[in-house]
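Participant: Predicted model follows, preceded by the sequence.
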Amino acid sequence: MNLEDVYKSKVITAEQAATKVKSGDRVVIGHACGEPIEVLASMVSNCEAYENVEIIHMVAMSKSEYAKPGMEKHFRHNSLFVGGSTREAVSSGRADFTPCYFSETPNLFKEELPVDVALIQVTTPDKYGYCSFGVSNDYTKPASKCAKLVIAEVNNKMPRTMGDSFIHVSEIDYIVESNHQIIELNPPKIGDVERAIGEHCASLIEDGSTLQLGIGAIPDAVLLFLKDKKNLGIHSEMISDGVVELVEAGVVTNKLKTIHPGKIVVTFLMGTQRLYDFVNNNPMVEMYSVDYVNDPIVIAKNSKMISINSCVQVDLMGQVASESIGLKQISGVGGQVDFVRGANMCKDGKSIMAMASTTSKGKISKIVPLLDEGSAVTTGRNDVNYVVTEYGIAKLKGKNLKERARALINIAHPNFRTSLIQEWEKRFKTEF
Ligand code: COA
């Protein structure tokens, strides 16, 4: 059979594809904005046909109908990173959360969590029969390498990304053709607090640095203050629209990168059509799976690596909670620790934890004497280096417990400094 016939022999409808999933299967679905929408929707409408199908996902960007009340007999969602659409399901007990570093997910799928079905979304094949994983390579490609069955939505709107981001048609069992818009993430609102944090972070970034930026308003605010920098590079778990602007402005050139010079290296993309147009067939952007991009040893091969991530609480010892508030799981570690460790290990690297000093409209301080009871420590105190709020920068590495607590109090919101100082004096039995 020629390639075209091979392709055609695999094409079925979304409804037919849904029947290929069996009760008791473990199904890994394409990540974040690469989520395959049509087969999942058919599975949900056909839910009575299933019992106990485990659905593994990380950053869920759609409505996650499979995790809604009433679905629990049919689907059991196992979340590796809780998000807006899965938080309630996890906290009410209908879904599970499995802690893991993003970089280790491909190995989990080979060993602890073997995959029955990889449900993915890819581009249409090129003339050699290769489909690109588009916006999500991360764990999506590794899961499809080890799954017993691969069902792919082939979407002609998926941007064709380069790097090691391809699957051959012969490796796909069933194809569902689709042409829906790829899920987009709109740019967040950036207020004065985020701008101040962005400016402090930017002051730590030297020309020629390589950056990792997390999701959200703070990383986007940092990008606003990088317009005068020179020869920045990107080696990041993900990028969003802000990076496109810096490439167009000639700030991100990747020229001085010590590995993959000239290239932006990422494992997934979350942005608007602007980003998706930019990456389409763009050899400057290389996508690799997450066990490579997020491997701290690979990250550390960059020089001047800067990681910027966010968190919900920092205690006075410098322990960082980013994924839970008390026992309530609100997200996951994702690639935070992978990049903190990689940046700490690299020559002239810096890891930055950036957050607003308060939450709930200023009522709660994020710098606290002790983490809330039950909170998971996401990044341990031995790993944390810079902490940044709108009030400044605290460098913790090399500082003793008294000094790090003092540095953190100095960047806390002024309304909470008195009580934090009282705690400091009680703890260290000396005057602040
Ligand atoms: N006490 C109580 N509630 C708090 C809180 C605190 N100290 N800090 C945050 N919250 C609440 C917020 O009010 C908000 O609630 P809402 O959704 O009901 O409005 C919610 O928790 C999320 O906080 P917010 O500050 O808006 O989150 P964010 O979008 O800026 O994301 C993290 C911050 C920490 C959740 C996010 O960066 C993350 O998941 N980090 C870990 C993963 C990571 O770093 N990955 C690497 C790069 S992709």
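Facilitator: Received it, and whenever you're ready, just let me know what you need.

Participant: Flag every residue of the stretch 151-300 of the chain that's near the ligand.
Facilitator: 214-216, 237-238 (CB under 6 Å from any ligand atom). For every residue, glycine as well, the C-beta is placed using N, CA and C.

Participant: Tell me how far the residue nearest to residue 230 when sequence neighbours are not counted lies from the ligand.
Facilitator: Among residues not flanking residue 230 along the chain, residue 207 sits closest, at 4.2 Å (CB to CB, 6 or more residues apart in numbering). For residue 207, the distance to the ligand (CB to the nearest ligand atom, to the nearest Å) stands at 24 Å.

Participant: Kindly report the same for residue 419.
Facilitator: Between residue 419 and the ligand the computed distance is 15 Å (CB to the nearest ligand atom).

Participant: can I assume that residue sits in a strand?
Facilitator: No - secondary structure assignment places residue 419 outside any strand; it is helix (DSSP: H, G, I helix; E, B strand; the rest coil).

Participant: How about the closest residue to the ligand within the stretch 101-250 of the chain, nearest residue that isn't a chain neighbour?
Facilitator: Going by CB to the nearest ligand atom, the ligand is nearest to residue 214 of the stretch 101-250 of the chain, at 3.2 Å. Spatial nearest neighbour of residue 214, excluding adjacent residues (CB to CB, 6+ apart): residue 309 at 4.5 Å.

Participant: do the same with residue 327
Facilitator: Using CB to CB, 6+ apart, the closest residue to residue 327 is residue 374 (3.7 Å).

Participant: for residue 380, what are its contacts?
Facilitator: 319-320 (CB atoms under 8 Å, 6 or more residues apart in numbering).

Participant: Any figure for the gap between it and the ligand?
Facilitator: 14 Å.

Participant: From residue 1, how far out is that residue?
Facilitator: Remark: distance between residue 380 and residue 1 (CB to CB, to the nearest Å) = 55 Å.

Participant: thinking again about what came up before, burial check on the residue of the stretch 101-250 of the chain closest to the ligand, number of neighbours?
Facilitator: 24 (other CB atoms under 10 Å).

Participant: Go ahead and confirm it touches residue 311.
Facilitator: No - Residue 214 is beyond contact range of residue 311, at 9.9 Å (criterion: CB atoms under 8 Å).

Participant: Mind jotting down where the helices sit in the stretch 301-432 of the chain?
Facilitator: 336-345, 401-409, 414-428 (DSSP state H, counting those that start in this stretch).

Participant: just those: most buried one?
Facilitator: helix 336-345 (a mean of 25; mean count of other CB atoms under 10 Å).

Participant: Is the ligand within reach of it?
Facilitator: Yes - interface with the ligand: helix 336-345 contributes residue 336 (CB under 6 Å from any ligand atom).

Participant: Give me the helices and strands touching that helix, please.
Facilitator: Counting contacts by 3 or more CB pairs under 8 Å, 6 or more residues apart in numbering; DSSP states H and E, helix 336-345 packs against strand 210-213, strand 233-239, helix 296-299, strand 305-309, strand 350-354.

Participant: Kindly reformat these as CSV containing distance to residue 158 and mean neighbour count.
Facilitator: Shown next, in CSV, are these (distance: least, CB to CB, whole Å; neighbours: other CB atoms under 10 Å):
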stretch, distance to residue 158, mean neighbour count
strand 210-213, 23, 28
strand 233-239, 16, 27
helix 296-299, 26, 20
strand 305-309, 28, 28
strand 350-354, 32, 25
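
Participant: In contact with residue 280, which residues?
Facilitator: 159-161.

Participant: which helices and strands sit right next to the helix-or-strand element of the chain with minimal mean pLDDT?
Facilitator: Across the helices and strands of the chain, mean confidence by mean pLDDT, DSSP states H and E is lowest for helix 217-224: a mean of 92. Other helices and strands packing on helix 217-224, by 3+ CB pairs under 8 Å, 6+ apart, are helix 192-203, strand 210-213, helix 241-248, strand 305-309, strand 350-354.
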